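[1] predicted coordinates and the sequence they were generated for:
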Amino acid sequence: MSAWDHIAEARIRAWLRTPPAERASTPPLAPGLPLEVQLLADVRQLDRMAAAAEDAASAEALRRQASDLMIRLLVLLEGEGRPLAAKRFAELRYQRDDPA
């Protein structure tokens, strides 16, 4: 499965867990978010999925996909002449979601 397949599957499962009365007709999308933000969100989602994976092979495959997306993100930012943004996005990958 590709990284996009894993992310789509996770989003579909989350949507299916919601009670039918609370479901939107389609899963919510974030059309206004910049590509950089979407890529970082996908990387972090893959990292969370790797941490929750049941076996080492699946976890390693998910981590590899997350790393590939992160490289794509960093290349995109560096190519646009935004090295400080690339550095910050690299830091954000490992930042905790909840302030603890």
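    Great, that's in hand.
[2] output the below-cut-off pLDDT ranges for the protein.
    In the predicted model, the chain carries pLDDT under 70 at residues 23-31, 97-100.
[3] what number of residues lie near Leu84?
    Number of residues near Leu84 (other Cβ atoms under 10 Å) recorded here: 8. C-beta here means a position set from N, CA and C on the backbone, and glycine is covered the same way.
[4] may I see the buried residues of stretch 69-76?
    If you call a residue buried by 16 or more other Cβ atoms under 10 Å, then stretch 69-76 has these buried ones: 69-70, 73-74, 76.
[5] check which helix or strand covers the residue nearest the centre of the chain.
    Compute the mean C-alpha point of the chain, and by Cα atoms, centre = their mean the closest residue is Asp42, 1.5 Å away. When elements are defined using DSSP states H and E, Asp42 is found to belong to helix 35-52.
[6] just checking, what packs against that helix?
    For helix 35-52, the contact count by 3 or more Cβ pairs under 8 Å, 6 or more residues apart in numbering; DSSP states H and E identifies helix 3-17, helix 56-79, helix 83-92 as packing neighbours.
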